[in-house]
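**Q** What shape does this take:
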Amino acid sequence: MSDRMRWPALFAAACALFALLALCACAPAPEGAGGASAGDAAEEGVESTAMVIYADDKTALLADRDTGAVYFPTIPEGALFDAAGQSLALGDLRAGNVVAVVGNGIMLESYPGQYPGITRVQVLEEGDPADADEYADLVAEVIVEHDENEVPSGTLDYATDLAKVAVMLEPGSYTWVVRDGDAESTMAADAAFSEADGRLSSELADARIAEAVDAELRFPMAPASVSIKRTPVSTAVDGAMSIQLAAEYEAVPSTLASDGAARLRIEPGYLYVAEVRFSRGEVLYPFVTAK
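**A** Residues are numbered from 1 along each chain as shown. Reported below is the predicted structural model:
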């Protein structure tokens, strides 16, 4: 082949080789080749961005920057990081911070919303506290101050291997002082937890756990004291739960933290009754721990 014919052929081959190398460089890295695959990204969870806002001095909320929805985040210990990837405590978040939120994408259908499936939160921008002012009206709608004339409900918070759970606790028996100016009156209720044969009411709050877990009882107003007792529950083939009416209750150790939460450990197969004393009266909160 003459030199005049050889050079065009060599130039064409070089162009083809360059194009092939370019395609290889742009192609996604295969799994196991050091790059993150689409499957890896999916396993990390659903990511969104949100702004940190505060309903009061200690209650942090997040406002989704795409939807504007305001929700309570449940951030696991060790899952909060600053922009450099260093661990943060929940109290280190500041109003105006813009954060990346990674989780399972499932928001509880409550009002306000709750996001218990969060796995990681990282600060993207420090922001400015004034940036959170645009959400003031939404915060006012979300945080409704409890009317002290109303007997408060509570929540039982606990975590399993699958999820973080919040169970609403309705008042059972209670005595409560109602004030109207200088006038006071007392209202009372004496609700039975079971039927005459020991069968428990199907309306009782139900925490379904497979093993012992740490839990917290929380209320919209600070309790003066909390004492908790329990008795074993038996479950029939049809799923109905019952207790022995003559059985004695045993005391359950608990601690009342400075933030007003009562911390305890719960086990499956019991009826628990929390006796809580507030400044306005005393309330019993029953719940069962079904296996």
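
**Q** in the stretch 101-250 of the chain, which spans are strands?
**A** 113-115, 118-125, 154-159, 164-169, 174-180, 183-189, 205-206, 213-218, 225-232, 234-235, 241-242, 250-252 (DSSP state E, counting those that start in this stretch).

**Q** Take these and write them to TSV, including distance to residue 90, mean neighbour count and mean pLDDT.
**A** For glycine as for every other residue, the C-beta is placed from the backbone atoms N, C-alpha and C. TSV is the format used below for the strands of the stretch 101-250 of the chain (distance: least, Cβ to Cβ, whole Å; neighbours: other Cβ atoms under 10 Å; pLDDT from 0 to 100):
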stretch	distance to residue 90	mean neighbour count	mean pLDDT
strand 113-115	14	19	76
strand 118-125	9	18	93
strand 154-159	14	20	88
strand 164-169	14	17	82
strand 174-180	32	15	95
strand 183-189	37	10	94
strand 205-206	26	16	88
strand 213-218	14	18	93
strand 225-232	23	16	96
strand 234-235	38	13	88
strand 241-242	36	18	89
strand 250-252	27	12	97
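
**Q** want to throw the ones you listed into JSON lines with distance to residue 147?
**A** Listed next are the strands of the stretch 101-250 of the chain as JSON lines, based on distance: least, Cβ to Cβ, whole Å:
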{"stretch": "strand 113-115", "distance to residue 147": "22"}
{"stretch": "strand 118-125", "distance to residue 147": "31"}
{"stretch": "strand 154-159", "distance to residue 147": "15"}
{"stretch": "strand 164-169", "distance to residue 147": "17"}
{"stretch": "strand 174-180", "distance to residue 147": "10"}
{"stretch": "strand 183-189", "distance to residue 147": "13"}
{"stretch": "strand 205-206", "distance to residue 147": "22"}
{"stretch": "strand 213-218", "distance to residue 147": "18"}
{"stretch": "strand 225-232", "distance to residue 147": "22"}
{"stretch": "strand 234-235", "distance to residue 147": "38"}
{"stretch": "strand 241-242", "distance to residue 147": "33"}
{"stretch": "strand 250-252", "distance to residue 147": "30"}
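
**Q** Out of the ones you listed, which gets nearest to residue 61?
**A** strand 113-115 (9.4 Å; Cβ to Cβ).

**Q** Which other helices and strands does that closest one contact?
**A** Here strand 113-115 touches strand 70-73, going by 3 or more Cβ pairs under 8 Å, 6 or more residues apart in numbering; DSSP states H and E.

**Q** Direction included, what does the strand it packs on pair up with?
**A** Note on strand 70-73: by DSSP bridges, its sheet partners are strand 60-64 (antiparallel), strand 113-115 (parallel).

**Q** Pipe the ones you listed into JSON lines and attach distance to residue 223 per row.
**A** Formatted as JSON lines, the strands paired with strand 70-73 follow (distance: least, Cβ to Cβ, whole Å):
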{"stretch": "strand 60-64", "distance to residue 223": "22"}
{"stretch": "strand 113-115", "distance to residue 223": "22"}
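
**Q** For the stretch 1-150 of the chain, give me the ranges with low pLDDT.
**A** Residue ranges of the stretch 1-150 of the chain with pLDDT under 70: 1-44, 56-58, 108-112, 140-145.

**Q** mind listing the helices for it?
**A** 3-26, 38-44, 136-142 (DSSP state H, counting those that start in this stretch).
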